[in-house]
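K.L.:
Quick one: sequence and predicted model below, then my questions.
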Amino acid sequence: MKTRNRTLYHCQGCGRVVRAESDDPVPCCCGQNMTHAATETVAEEVDVYELDFLKAAPEEDSLCNPLPRIPR
């Protein structure tokens, strides 16, 4: 899964909250630069074709070594 960071900014004047990509410039509100409030990690959508390798992977059971049966 691919992830990316988004920055949350907060306006000290009116309380507005804005999400921006990490490489975007700092937004302005009420005539001032907004304050960096937090950073969130967001999962990007995965392309279906990237998951094709899962279909080709062997089943988990085939990777395990079976234990020998012990007669009772």
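P.N.:
Right, received. Where do you want to start?
K.L.:
Surely residue 7 is within a strand?
P.N.:
Yes. Secondary structure of residue 7 (DSSP: H, G, I helix; E, B strand; the rest coil): part of a strand.
K.L.:
who's in contact with stretch 33-48?
P.N.:
1-12, 16-19, 22, 26-28 (C-beta atoms under 8 Å, 6 or more residues apart in numbering). (C-beta placed from N, C-alpha, C; glycine too.)
K.L.:
Now the buried members of the residues you listed.
P.N.:
7, 9, 11, 18 (16 or more other C-beta atoms under 10 Å).
K.L.:
how about the helices in the chain?
P.N.:
52-56, 60-63 (DSSP state H).
K.L.:
Sketch out the low-pLDDT regions of this protein for me.
P.N.:
For the chain, the stretches flagged by pLDDT under 70 are 1, 45-72.
K.L.:
where's residue 27 relative to residue 15, distance?
P.N.:
Separation of residue 27 from residue 15 (C-beta to C-beta, to the nearest Å): 14 Å.
K.L.:
OK, contacts around residue 16?
P.N.:
By C-beta under 8 Å, 6+ apart, the neighbours of residue 16 are 10, 29, 34.
K.L.:
Redo these as CSV? Include distance to residue 40.
P.N.:
What follows is the contacts of residue 16, written out as CSV (distance: C-beta to C-beta, whole Å):
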residue, distance to residue 40
10, 13
29, 19
34, 16
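K.L.:
Just the ones in strands from these, please.
P.N.:
Mapping the contacts of residue 16 onto strands (DSSP state E) picks out 10, 29.
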